[in-house]
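Novice: no sequence on this one, just coordinates:
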């Protein structure tokens, strides 16, 4: 039997050309009869017409007791555990959704969809390590100069990228912004964190930053054109803005991802949810074209970099196997946290229905080390603000 196909090596392209979706060449096997979805309500929201309802999963037998690992289980064991620095204490009253905490409504009415508690902080830091491996250890793709003066990480999350960047450029003043004050207090002297909502008009000085970094904002931005316009204004002439986003859809090039399976439904639900609450998740693929937002804002030398990131340790290539293992660990660390808000608050599932789906999803994720060869697309887009602004 021939080995499964490997994810392709990353390649960069320069706008206006577009990178074709590698997933478009993969074929999915038909759904087994036992997994056929119940008939859909014709009056249902058309955006959810191709999604299996919650009842489909509650009607299925749950995975066996041996498959019920807690969300802290990972394919890497102790090596995947990322220690998180002590968190900044906050007087903010976090929202609670089914026992998980999210950013405070007192800060902003932005609807960011992942928790800000310890379990998800751990998951986010593992994903940061995975992304760094995808970049061969680099923190960015833009051709930055060592003499930068000011940089900002918009939507910095746990602050781990901003900390690494500030260490890399000790003479550059770095700001990290987020709507949750979960960043550590012990950081490089050239770094500070501020609470700020990137979806509101920016209050930073115009022509100020040499580099503006944005990552994992999918599902939180209602208007990408407005976001890039704000970034353009705040960027120095000759400076760079970079956006790094993953696809919310899992793909397979060899038919091992079955139609209607939990990993297949994952992407469908995220896409539908983005349409329902006006913050698209399908930033990579057939959804929002970030490159167009860069172009509309006025950037030049727009460059795109795309990478097939495996989920699970199924690739034969040693580097890709390690990347896939960390990607799987980052998801497995907090499966519930990745989907709870979207499935319950946007799609209307009960906590019990989400829990059942998580059990089925966890069982299939265990197969990504062997027989389910899935990946997700990672895409970086960066552009340069012209030296002469008209």
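Specialist: Cool, the structure landed. Please read these numbers as outputs of a predicted model, since none were measured by experiment.
Novice: low pLDDT regions in the stretch 1-150 of the chain?
Specialist: By pLDDT under 70, the weakly predicted segments of the stretch 1-150 of the chain are 1-49, 53-59, 61-62, 64-111, 113-114.
Novice: okay, now the unreliable bits of the stretch 151-300 of the chain?
Specialist: Using pLDDT under 70, the stretch 151-300 of the chain drops low at 285-288.
Novice: am I right that residue 330 is in contact with residue 130?
Specialist: Yes. With contact defined as C-beta atoms under 8 Å, residue 330 and residue 130 form a contacting pair (5.7 Å). Where you see a C-beta, it was placed from the backbone N, CA and C, and this is true even at glycine.
Novice: now do the contacts for the residue nearest the centre of the chain.
Specialist: Centroid check for the chain by C-alpha atoms, centre = their mean gives residue 216 as the closest residue, at 4.3 Å. Residue 216 sits next to 127, 155, 157, 244, 245, 246 when contact means C-beta atoms under 8 Å, 6 or more residues apart in numbering.
Novice: make it 7 Å
Specialist: 155, 157, 245 (C-beta atoms under 7 Å, 6 or more residues apart in numbering).
Novice: which residue sits closest to the first one in space, ignoring its chain neighbours?
Specialist: Take residue 155 and drop its neighbours on the chain: the residue closest to it by C-beta to C-beta, 6 or more residues apart in numbering is residue 217, 5.2 Å away.
Novice: now the phi/psi pair for residue 177, please.
Specialist: Per-residue torsions, residue 177: phi -120, psi 150 (degrees, to the nearest 10).
Novice: any idea how far it is from residue 193?
Specialist: Distance, residue 177 to residue 193, using C-beta to C-beta, to the nearest Å: 7 Å.
Novice: got it, and residue 200?
Specialist: Going from residue 200 to residue 193 by C-beta to C-beta gives 17 Å.
Novice: and what of residue 247?
Specialist: Applying C-beta to C-beta, one obtains 28 Å for the distance of residue 247 from residue 193.
Novice: burial measure for the residue nearest to residue 155, as a count.
Specialist: By the criterion of other C-beta atoms under 10 Å, residue 217 has 20 neighbours.
Novice: ok, now residue 255?
Specialist: So residue 255, with other C-beta under 10 Å, has 13 neighbours.
Novice: and residue 308, its phi and psi?
Specialist: Dihedral angles of residue 308 (phi, psi; degrees, to the nearest 10) stand at phi -90, psi 110.
Novice: check residue 376 too.
Specialist: Dihedral pair for residue 376: phi -130, psi 150, per degrees, to the nearest 10.
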